[in-house]
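Chemist: 3D, please:
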Amino acid sequence: MSASSLLFVVGANTVEDQRARWERKRSRTAKELLETEHKYLEQLDLVLTYFVTILKAKGTLKPAVLETIFGPLEPLYSASHVLSLHLEKGNLGPGLENFCLSLDLYGHYAENLEEANITLKKQVRKNKSFRQFKKLQETRPQFKGKELEDLLLLPLQRLHQYKHFFRDLLENTSPDTAEYQKLAKAVKSVCEVSHWVQDIFDKRENSSQLLRVQKLLKGQKTQVLTPDLTAVSVSPACSGRWYIREGWLLVVPSKGEQLKRRMFFLFSDILIAAKPCHPLHLLNSNKLSCQAVYPLHQCSVDKVFGHTWSQGGLLSLSFPHKTLLLMSNNQQEINDWYRSLTAAVRQLKA
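Modeler: Here you go, the predicted model:
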């Protein structure tokens with residue numbers, strides 16, 4: 001056999017080996033996807049059977065309240081049931097392509113989840129019949145000790161799993177097949193919905209942080225919750241406000257006075273400096289008093305020292321009419337603050 005013929009045979013074997021490896025991995029992933037889909041359907045069916053169906057029949061909750069708590073759970077079940085039928089027949093590409101038409105349901109489910117939890121808590125608190133029913137159903141062995149609040153998270157947990165399953169299937173499918181294109185579309189769709197859901201939770205977490213800081217500050221002069229801080233003569237250059245970090249830092253006075261320990265709150269558009277209220281104050285002993293609000297769109301950040309791994313560091317924040325020197329004895333902390341501040345300023349000016 002000539003050298004060229006030998007290379008051709010070796011190359012062909014290599015390609016065939018690769019295809020065989022892809023097929024083995026793909027088969028394992030498809031099998032695991034089907035098995036976990038059956039478990040997911042079983043869990044959804046339990047919620048629908050022992051909660052939704054019985055509650056509808058008993059009339060314990062008004063239809064609007066029931067819809068708010070459980071959202072599009074029934075359409076989600078139907079979409080997954082159809083997917084499982086496709087998977088059982090080995091129709092992977094068409095099955096996922098059809099399933100992706102229903103993926104927006106997961107985004108709408110995530111949008112509704114906060115209101116669902118609020119409504120659920122309210123009904124548990126005020127509706128004795130529902131409270132007793134909920135507690136009784138949760139003791140069923142099928143739920144394995146999970147409460148309804150945990151069960152309502154099942155669809156979003158499954159969405160996260162879909163993303164990994166679909167990616168694994170795509171990576172182990174030959175690019176020159178028609179099924180590869182369908183899987184690629186499925187991966188794109190599930191990633192888009194996952195980003196949508198993540199964005200929903202990021203915004204909720206951010207709102208929670210803004211509310212927490214607002215409650216920490218004495219009075220209403222500093223409006224953390226709104227992007228318009230006209231009460232403190234600040235007009236942010238960005239729409240919306242995002243919480244970034246907080247912590248205690250030492251302020252170095254310009255006239256040789258003692259160092260002042262202050263709590264700083266960094267947001268996407270402003271930096272707030274605050275100090276503790278008097279511990280004997282009747283109403284505000286656990287709160288902070290806002291000392292200054294610095295607009296970041298007019299800020300430049302520099303390290304005065306702390307470039308090496310020596311202990312501590314000093315940052316200089318320059319504003320049009322003031323320079324703020326911030327110090328920490330913790331090297332890692334000052335580095336973290338430097339990175340956060342420079343990133344926030346750069347993002348704001350971009």
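
Chemist: Assign residue 289 to helix, strand or coil.
Modeler: At residue 289 the chain is in strand, as set by DSSP: H, G, I helix; E, B strand; the rest coil.

Chemist: got it, and residue 75?
Modeler: Following three-state DSSP, we place residue 75 in the helix state.

Chemist: which stretch of helix or strand covers the spatially closest residue to residue 249 that is not a sequence neighbour?
Modeler: Using Cβ to Cβ, 6 or more residues apart in numbering and skipping the chain neighbours, the partner closest in space to residue 249 is residue 326 (4.6 Å). For the C-beta atoms, the positions are set from N, CA and C on the backbone; glycine is no exception. Assigned by DSSP states H and E, residue 326 belongs to strand 322-328.

Chemist: Relative to the whole chain's centre, how far out is that strand?
Modeler: Its chain's average C-alpha position is 33 Å from that of strand 322-328, according to Cα atoms, centre = their mean, to the nearest Å.

Chemist: Quick one: list the elements packing against that strand.
Modeler: Other helices and strands packing on strand 322-328, by 3 or more Cβ pairs under 8 Å, 6 or more residues apart in numbering; DSSP states H and E, are strand 243-251, strand 313-319, helix 331-349.

Chemist: Just send these back as CSV, with distance to residue 184, mean neighbour count and mean pLDDT too.
Modeler: As requested, the helices and strands packed on strand 322-328 are exported to CSV (distance: least, Cβ to Cβ, whole Å; neighbours: other Cβ atoms under 10 Å; pLDDT from 0 to 100):
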stretch, distance to residue 184, mean neighbour count, mean pLDDT
strand 243-251, 36, 17, 96
strand 313-319, 47, 17, 93
helix 331-349, 32, 16, 93
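
Chemist: between these, which gets nearest to residue 126?
Modeler: strand 243-251 (32.4 Å; Cβ to Cβ).

Chemist: So what are the sheet partners of that closest one and their directions?
Modeler: strand 260-267 (antiparallel), strand 322-328 (antiparallel) (DSSP bridges).

Chemist: Would you reformat those as JSON lines and include distance to residue 337 and mean neighbour count?
Modeler: Shown next, in JSON lines, are the strands paired with strand 243-251 (distance: least, Cβ to Cβ, whole Å; neighbours: other Cβ atoms under 10 Å):
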{"stretch": "strand 260-267", "distance to residue 337": "8", "mean neighbour count": "19"}
{"stretch": "strand 322-328", "distance to residue 337": "7", "mean neighbour count": "17"}
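
Chemist: Low-confidence ranges, the stretch 151-300 of the chain, go.
Modeler: For the stretch 151-300 of the chain, the stretches with pLDDT under 70 are 226-239, 282.

Chemist: packing partners for the strand or helix carrying residue 93?
Modeler: Assigned by DSSP H and E, residue 93 belongs to helix 92-99. Here helix 92-99 touches helix 73-88, helix 154-171, helix 178-216, going by 3+ Cβ pairs under 8 Å, 6+ apart.

Chemist: To residue 15, which of the ones you listed lies closest?
Modeler: Short answer: helix 178-216, nearest of these by Cβ to Cβ, at 15.8 Å.

Chemist: List the buried residues in that closest one.
Modeler: For helix 178-216, burial by neighbour count (16 or more other Cβ atoms under 10 Å) applies to 179, 182-183, 185-187, 189-190, 193-194, 196-197, 200, 206, 209-210, 213, 216.

Chemist: Make CSV from the strands paired with strand 243-251 and add distance to residue 59 to it.
Modeler: Below are the strands paired with strand 243-251 laid out as CSV (distance: least, Cβ to Cβ, whole Å):
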stretch, distance to residue 59
strand 260-267, 47
strand 322-328, 61
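
Chemist: so which of those gets nearest residue 350?
Modeler: Closest among these, once you apply Cβ to Cβ, is strand 260-267, at 16.3 Å.

Chemist: Please provide the alpha-carbon coordinates for that closest one, formatted as CSV.
Modeler: Extracted in CSV, the C-alpha atoms of strand 260-267 (Å, rounded to 0.1, in the frame of the first residue of the first chain):
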residue,chain,number,x,y,z
LYS,A,260,-12.9,59.1,59.9
ARG,A,261,-14.4,55.6,59.6
ARG,A,262,-17.3,55.7,57.1
MET,A,263,-19.6,53.2,55.5
PHE,A,264,-19.6,53.5,51.7
PHE,A,265,-22.3,52.2,49.3
LEU,A,266,-21.2,51.9,45.7
PHE,A,267,-23.9,52.0,43.0
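
Chemist: hmm, who's touching that strand?
Modeler: Here strand 260-267 makes contact (Cβ atoms under 8 Å, 6 or more residues apart in numbering) with 213, 224, 241-251, 253, 271-276, 288, 291, 326, 337, 340-341, 344.

Chemist: one more time with 7 Å
Modeler: Here strand 260-267 makes contact (Cβ atoms under 7 Å, 6 or more residues apart in numbering) with 213, 241-251, 253, 271-275, 288, 291, 340-341, 344.

Chemist: List the contacts of the following helix or strand past that strand.
Modeler: Counting by DSSP H and E, the element after strand 260-267 in chain order, helix or strand, is strand 270-276. Contacts to strand 270-276, defined as Cβ under 7 Å, 6+ apart, come from residues 217, 222, 229, 234, 236, 262-265, 288-296.

Chemist: got the angle between strand 270-276 and helix 178-216?
Modeler: 40 degrees (axes from the mean of the first three to the mean of the last three Cα atoms, to 10 degrees).

Chemist: Starting from strand 270-276, tell me which strands it pairs with and how they run.
Modeler: By DSSP bridges, strand 270-276 pairs with strand 260-267 (antiparallel), strand 288-295 (antiparallel).
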